[in-house]
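**Q** Predicted model follows, preceded by the sequence.
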Amino acid sequence: MDKIKNYSGSITLRIVLVMILLVLPLSIWGVVTATESRNIIYEESKNGISGVGTLMMKEVDNRMDSVDYYLYDTLLSDAFFFTAKGQKGDGAFYHAVYNLHGKFSSRANINGDADAYFLYCKKEDYLQISTSSTYNGYQSKLKKAVDGYLNRYDNEKKWRIISVEDDEWLIRCASQGDMYYGGLIQINNVYEKMKENFLYDTIEIRILNTNTDEAEKQDMHMICGNGGKGIYMHIWVAEKEILRNLPLMQRVGGAISVVFLCLVPILMAFLYFSLLRPINILLKAMNQVQAGTWNYQITETSSSNEFQKLYQNFNHMVVAQNKMSARLVEKETYGKQMELKNLQMQVRPHFLLNSFNLLYGLVEMEKIESAQRMILYLSDYFRYIFRSGKELELYQKELRLIINYIDIARLRYPFIAFQEEHDEKILWTVVPPLMIHNFVENVLKHGLNPGEITEIRLLARYEEGKAVFQIQDNGRGISADEVEAINSGNLEKYDEKIHVGIMNSYQRIQYFFGEAASLKVASVLGKGTCVTICYPCELREAEENETFNT
């Protein structure tokens, strides 16, 4: 759901929507308009050609009707026809045929319905062709073509098309017994007349005995004709010539729309590589830095000067940020070190004051030997805390100092019972110097019950990579509110001096061992207190080859 929400506000989606809602509709509208204009011009041209073809076929139909009427009406009532039909090769037969030949030629020249007539007597094997003066030289060609047609004639009373060398003729044949007669119409001149009415260079016209296109011709095909006589006119014109009548602006506009529509994917690709991809590169770089790759650099180059400058500025910004972060870390580290030293300075005067008070008391009571022991202890103490600037020390050294401190403290507080337990591994862990010591010292300062024996137990162990220390006593204890305040770190309403040692210790282990370190207090008024300190720590080797012994 978040991905869908983020994508809904992306610039990529907005660009796609602009292309869909603006560019694509305009391009499609241009293509549709151009296509509609093309269809209109096509239909107008088709109707014009079809109209002219229909008129020409009507003229041919009239000629065929006239020939049919002559063959089946007028000719059958002519006496010469019956004379030619009745004779068997005598002089009267040829006289009749000669007269019919003259009538056929006269009709072809005067009426203009047929361009030629023929008469064929099968028994006499006699074939006579009569033409108009226009086709006087065609007799032999026509005779050969007609003879071939008659050889396959099957008494079908329809107009047919025959080829006379390179020309095409319409032929109509009738018969009476063994007498065949008919007319012929030359149709090549019909083609020429049709072409004269059009300015198309690619126009092709054919008159066929079928109304179906036996072979596709170029890009345009129309049929005009008289289906009743079985003769059809086929017209082919190249579509490119038809579209020449389309206005130039419409043709250019349609072409531009089609080209622009085809360029939409290219435009999208251009927008992606010039705008969207550089933006995605910047977003990826920002996400890398946000994820923690602080030294991430953009290595890609952009063809756009603006984005190339952004890439360079981003790289410079990352470098500057890393330098600034390093200075901040250095400053923070220095601040924590100063804070640590300040905490240590707070701890040392606190213990020193108690030690001098104890030493003063020993001298006042004239316990010279004990005072000497106290002075030697203080010497070891100061040597321990001022050792070569170390911030952490082996626990075994801290424990030895604590045991010596208890011995000295018994000089003033003889009713102290001290018990210490530890495992072998804990001796090789490190502690902030005087941290455990201070908690033991605080028992003597704040937890003693006058007139009663105060028991102090120091338990230390190392388990699962963590150092655990417990300082227990059966002293006065502290209130539940104070325990809650200490464990939650909310000590504002309590005297800062009372719990400064606890808070300093907590801050020190947090500084050295991180957030996994903890300091918890458990206490019951009148029954005692238990402080538990726990932090992750690795074991270390002994320094100066020394081993722990008391």
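**A** Cool, got the structure. Residues are numbered from 1 along each chain as shown.
**Q** Check which helices and strands the helix or strand hosting Ile471 sits against.
**A** Here Ile471, judged by DSSP states H and E, is contained in strand 466-473. In terms of contacts (3 or more CB pairs under 8 Å, 6 or more residues apart in numbering; DSSP states H and E), strand 466-473 is packed against helix 435-446, strand 454-463, strand 528-536. Where you see a C-beta, it was placed from the backbone N, CA and C, and this is true even at glycine.
**Q** What are the buried residues along stretch 508-516?
**A** Using 16 or more other CB atoms under 10 Å as the test for burial, stretch 508-516 gives 508-509, 511-513.
**Q** Put the alpha carbons of the strand holding Ile471 into CSV.
**A** Taking C-alpha atoms only, strand 466-473 is exported to CSV below (Å, rounded to 0.1, in the frame of the first residue of the first chain):
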residue,chain,number,x,y,z
LYS,A,466,29.2,-10.2,30.7
ALA,A,467,30.8,-9.1,34.0
VAL,A,468,28.3,-9.0,36.9
PHE,A,469,29.1,-7.4,40.3
GLN,A,470,26.8,-7.3,43.4
ILE,A,471,27.5,-5.2,46.5
GLN,A,472,25.2,-6.3,49.3
ASP,A,473,24.8,-5.1,52.8
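**Q** Quick check: which helices or strands does the very next helix or strand once past that strand pack against?
**A** Going down the chain from strand 466-473, the next helix or strand is helix 480-488, by DSSP H and E. Helices and strands touching helix 480-488, by 3+ CB pairs under 8 Å, 6+ apart, are helix 496-513, strand 518-524.
**Q** try 7 Å
**A** Using 3 or more CB pairs under 7 Å, 6 or more residues apart in numbering; DSSP states H and E, the elements in contact with helix 480-488 are strand 518-524.
**Q** Within its sheet, name the partner strands of the strand it packs on and how each one runs.
**A** strand 528-536 (antiparallel) (DSSP bridges).
**Q** in the partner strand, what's buried?
**A** 528-531, 533-535.
**Q** Can you give the contact residues for that strand?
**A** 439, 447, 465-475, 477-478, 509, 513, 516-523 (CB atoms under 7 Å, 6 or more residues apart in numbering).
**Q** redo that, cut-off 6 Å
**A** 439, 465-466, 468-475, 477, 509, 513, 516-523 (CB atoms under 6 Å, 6 or more residues apart in numbering).
**Q** picking up where we left off before, reformat the helices and strands packed on strand 466-473 as CSV; add mean pLDDT and distance to Thr299.
**A** Below are the helices and strands packed on strand 466-473 laid out as CSV (pLDDT from 0 to 100; distance: least, CB to CB, whole Å):
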stretch, mean pLDDT, distance to Thr299
helix 435-446, 87, 50
strand 454-463, 94, 49
strand 528-536, 95, 39
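**Q** So for Gly53, which of the ones you listed sits nearest?
**A** Closest to Gly53 of the helices and strands packed on strand 466-473 is strand 528-536 (CB to CB; 102.9 Å).
**Q** How far does that closest one sit from its chain's centre?
**A** Put simply, strand 528-536 sits 58 Å off its chain's centre (CA atoms, centre = their mean, to the nearest Å).
**Q** That one to helix 496-513, inter-axis angle?
**A** 20 degrees (axes from the mean of the first three to the mean of the last three CA atoms, to 10 degrees).
**Q** Can I get strand 528-536 in PDB? Just the C-alpha atoms.
**A** Provided in PDB are the C-alpha atoms of strand 528-536 (Å, rounded to 0.1, in the frame of the first residue of the first chain):
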ATOM      1  CA  GLY A 528      19.800  -3.500  53.500                       C
ATOM      2  CA  THR A 529      20.700  -2.700  50.000                       C
ATOM      3  CA  CYS A 530      21.900  -4.600  46.900                       C
ATOM      4  CA  VAL A 531      23.600  -2.800  44.000                       C
ATOM      5  CA  THR A 532      23.900  -4.900  40.800                       C
ATOM      6  CA  ILE A 533      26.300  -3.800  38.000                       C
ATOM      7  CA  CYS A 534      26.300  -5.700  34.700                       C
ATOM      8  CA  TYR A 535      28.000  -4.900  31.400                       C
ATOM      9  CA  PRO A 536      29.500  -6.800  28.400                       C
END
